[in-house]
Structure formats: C-alpha cells, structure tokens
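Novice: Whatever this is, show me its structure:
(chains A, B, C and D)
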Number of protein chains: 2
Amino acid sequence: MEAALAKPALPRAPSGKREQTKLQNRQIILDAARGVFAELGYGAATVRDIIRATPLASGTFYNYFKSKEEIYQAIRDEVALAIRPRLREERMKARTVEEFISGTFRTFFEFVASDRIDFRSIRHNADITRVRVDTPEVIAGFDELREDIETAIPRGLFPPIDADFLMAAIAGVAFEVAERMMRREAPDPAAAAVFATALFLGGIRALPGAPEPSTETRI
Amino acid sequence: MEAALAKPALPRAPSGKREQTKLQNRQIILDAARGVFAELGYGAATVRDIIRATPLASGTFYNYFKSKEEIYQAIRDEVALAIRPRLREERMKARTVEEFISGTFRTFFEFVASDRIDFRSIRHNADITRVRVDTPEVIAGFDELREDIETAIPRGLFPPIDADFLMAAIAGVAFEVAERMMRREAPDPAAAAVFATALFLGGIRALPGAPEPSTETRI
DNA sequence: TTGAAAAGTTGACGGCTCGTCATGGTCTTG
DNA sequence: CAAGACCATGACGAGCCGTCAACTTTTCAA
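Specialist: Coordinates of the predicted model:
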C-alpha cells in the first residue's frame, strides 16, 4: 500500500493535453453562454447563439451540454454552490433567532449585490415578462434551509412551527426583496437585510421607518 | 340625434356571424393552449402543438396571437384580472393592519386553492426546473399592492415604511407559500393565511405552533 | 336580390434551429 | 512508431417559425 501511494499512481494524472483542452472548451462555452444569456435573456437565447459566440463547431457543444436548459443549470448551479455553504455556516453558528435570520439575509443580499452580473443574466428577459428558473441545485438550497430550521427548533431557536412554510416565506422574501433591491440605483444589501430581519423578528410594526420623511414637504 | 339613438344604431351590433366566429376561434385557441401548457409545461410547448390541438390552420393562430408568449400572457392575465379586484376591495375596506394583511392573504390563498388547474398549468414544468413568469398584468397587481400600502400609511395603518420592500415581501411570501400549500395532499388556504398573517403581524415569535406539538414528548 | 368589396382562413414556403453522426485529425499508450 | 482512443467538425434530415398569395365567406349598398 505504501509503495502504491508513494509512486506516481498512474491513473490520476491531472494534466495531459487532451484533458486540458476539454476543460478549456467547457470554459469557453460557459463564458459564451453567460454573455448570451445576459444579452438576450434566457427565453430568447438559442443554443446556436451560444455556439456562434464560440470558435467551436455545433457538434462540440453537445459533447459538453445536452441542451440550453442544461448549460443554464450549470451556470445557476455555480452560483448556488458558491452561496449555499456560506448560508449554511451562518445558520449553524447562530445562537439566537436574530442571528439565524439576520445572518441568512445579510449573506444572501450581500452575495446578490456583489454578483449583479450573474443575477441580471438570470433574471433579465428580453420582453416585459420576468422568468425565474429554480434548478435542482437551488431547490437543494431550499431544502437545506428547511433542514436547518427543523434542526433549530429543538435547539430552542424557533417555536415548534411549520418549517416548510417558514422556509418558503424566507425564500420568497429573499428573492423578491433582492429583486427590488437590485433595481435601485445604489443597491444597499445592509438596508435590505435590516428590513427583512425586522419583518421576521417582529412583524410589520417592527420595521424601520422609510428613508425620506415625506411629511416635511407638505405642511 | 334622438332618431339615431332610437333606431337600430347600426355600428354597434354585438353579434353578427363574423364577430361570432372570431370570438369562438379565439376561445378554441385559448382552450387548446391551456391544455397544451398543462400537459407539456410552458417551456416545452410550441405554437405548433397548440395549433395541432385545434381544427384551425397555422396562419389563423397568428391572426389572434403573435407568439407563444402572448397567448400565455393572455391566459395568465385572465387569472390576474379575476383576482386583482377582489384583493383591492379587501384592502380598501381594511380598517386595521390586521384586516389589510389577513384579507390579502386569505383572498389570495383561497383563490389559488379554488383554481388549482390554472395554477398547475402555470407552475408546472416538464423537467425538474421550475419556471415562473410574471406577465404585465401580474406586475400591475404588484403595483396595486404597493399603491395600497402607500395609501394606507397616511391612514395610519402602517408606520412610514419602505412600501416597495413591503410589497415585495408580501408578494414573495404569497407566491412561495401558495406553492408549498398546493403541494400538500389537502391544501388548506385558511391555515396558510393564518401563518402568513401572523408572520407579518408579529414576526416569527407570533407564528402558531406546528400541528404536532413536539415539546410534549421531551419533558 | 345581387354583386363587389371587406374580412378572414388556409396551407405551402423560405429561413432558421435542433440534435445526430460519419469523417477525419490529434493525442496517448504500449 | 504504430494502433487505437478520443474528440472536433460540419453537413444533414426533421421540425418549428412567421408570412403571404390565393381562396372562401360575410357584409352591405344599390
């Protein structure tokens, strides 16, 4: 056993010309797809558009991805995989409801704000209609959130509530408020997080007042 | 002038063979489209699928709708137009935050539950990914909600909060919780409304306990 | 009643996308 | 160095898209 480990261990060669090109092609296609989705929106984009944004032949595309859906999922999944561990960690170390909730929202909104290009390419659409696609990886993120809530109940963080509904409520607020936040001139993740956290901790009555005191101008 | 009004008033004939067929064809196409979207999901459906589910020729379809998007919007808009007045009325007559919030959620969840076929055809999708499309009519519903919140602030129902974010939060919770509700064996709109209302009125701590009191077993 | 114009339907058509696959070039391995 | 594994290529048949000239039905004025 020792010898096998010490020696070159032939089957696991990380480089090799062939292997390199493959990685490279995959990356070329992914980058092209990101650009096309950002420009045309998911609905209007075609596989051909992506191929055209690439020096490769059409058949090559299908060696890497089965369809437009699949490459789109790959892109979304990169995002989901990047943020899920952060969210999870934030929730694990929470000692109070406050920490659980505010940690989740702060992390999420900050991520979205720092990642606006991907977010736009995911939400943007050519015409007026808005399309939202939840890939399996995103849905897995939802499941993690529900699990974390369920785990937190015996820890005394939450009352024994309907974890499924609470998960849905948190996700709904996170996505929808993020959307509004990103439409503003200067997206402010901290403010969004404060808003969402206050809502979940104390309801509407606990929400902070609006920025502009509109009473001033109309004496 | 009097004569013109008393006599048949030729230009406004509500029936007329031509007019009738037009209405009828439109309805045939809309019904076919509903069926196709329900069966294949929005993404997989093609205009040709809809035409095939119809006794009409392909060119005729385009006399009524420009594209798949447009006919889909027409279907969604029927739904949005049906529920929006009810929601608005519910909010107008609200005298307290409680009434504003619970009226909104109750009406929405009851509508969704009573309308499950349309809801499924709108949310359903062939593969694992979920697609949500908000047509202009739906977005107009969001705007109405925000307006109603803004109007309610001077009435003293709400503190002077960020109406845009609150609108987003309510919409997010409504859609996401409705989705979870409809996945259960016996969708219970009243329970969903109680949950959402309590959340917005008092935050997580105000939420009602889960069905099974898990505290009992662990004294 | 009649006939001409308006309105609407039809289905074939050119242009495009789709996913496949036989061909051929390049890397790897013994 | 040779044989084979691996994969890029691009042409291809199938099918979808939206259009439009030709045709049919309805309307309406004389």
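
Novice: Now do the contacts for A:Y72.
Specialist: Going by Cβ atoms under 8 Å, 6 or more residues apart in numbering or on different chains, A:Y72 touches A:33, A:37, A:42, A:133, A:135. For every residue, glycine as well, the C-beta is placed using N, CA and C.

Novice: list the buried ones in whichever strand or helix holds it?
Specialist: A:Y72 is part of helix A:68-92 when elements are defined by DSSP states H and E. Within helix A:68-92, the residues scored as buried using 16 or more other Cβ atoms under 10 Å in any protein chain shown are A:68-69, A:71-76, A:79-80, A:83-84, A:87-88, A:90-91.

Novice: check whether it contacts DNA strand C.
Specialist: Yes. Using Cβ under 7 Å from any atom of the strand, helix A:68-92 reaches DNA strand C at A:K68.

Novice: just checking, next helix/strand downstream of that helix?
Specialist: Heading C-terminal from helix A:68-92 (DSSP H and E), you reach helix A:97-114.

Novice: That next one versus helix A:68-92: what angle between them?
Specialist: Following axes from the mean of the first three to the mean of the last three Cα atoms, to 10 degrees, one obtains 140 degrees for the angle between helix A:97-114 and helix A:68-92.

Novice: Next, see if helix A:97-114 gets close to chain B.
Specialist: Yes. Applying Cβ under 8 Å from any Cβ of the partner chain, one finds that helix A:97-114 is in contact with chain B at A:97, A:101.

Novice: tell me the mean pLDDT for stretch A:86-106?
Specialist: In this model, stretch A:86-106 has an average pLDDT of 95.

Novice: Stretch A:195-213 - what's its average pLDDT?
Specialist: Mean predicted confidence for stretch A:195-213 is 76.

Novice: which stretches of chain A have low pLDDT?
Specialist: By pLDDT under 70, the low-scoring segments of chain A are A:1-14, A:116-130, A:206, A:209-219.

Novice: let's go with 50 and repeat that
Specialist: A:1-13, A:121, A:124, A:126, A:212-219 (pLDDT under 50).

Novice: thinking again about what came up before, the contacts of A:Y72: which ones sit near chain B?
Specialist: Among the contacts of A:Y72, chain B is touched by A:133, A:135 when using Cβ under 8 Å from any Cβ.

Novice: Now, the contacts of A:Y72 that are in helices?
Specialist: A:33, A:37 (DSSP state H).

Novice: What subset of the contacts of A:Y72 is buried?
Specialist: A:33, A:37, A:42, A:133, A:135.

Novice: In contact with the first one, which residues?
Specialist: So that's A:A33. A:50, A:53, A:71-72, A:75.

Novice: quick revisit: of the contacts of A:Y72, just say which sits nearest to A:L166.
Specialist: Checking these against A:L166 with Cβ to Cβ, the nearest one is A:T135 at 22.5 Å.

Novice: my guess is the closest one contacts A:E70, does it?
Specialist: No. Distance between A:T135 and A:E70: 9.8 Å, which falls outside the contact criterion (Cβ atoms under 8 Å).

Novice: distance between stretch A:154-167 and the chain's centre?
Specialist: Computed by Cα atoms, centre = their mean, to the nearest Å, the chain-centroid distance of stretch A:154-167 equals 23 Å.

Novice: Quickly check: that stretch near chain B or not.
Specialist: Yes. Counting by Cβ under 8 Å from any Cβ, chain B has neighbours in stretch A:154-167: A:154, A:158-167.

Novice: Of the residues you listed, which pair is most distant in space?
Specialist: Longest span within the residues of stretch A:154-167 next to chain B, Cβ to Cβ: A:P154 and A:F165, 18.3 Å.
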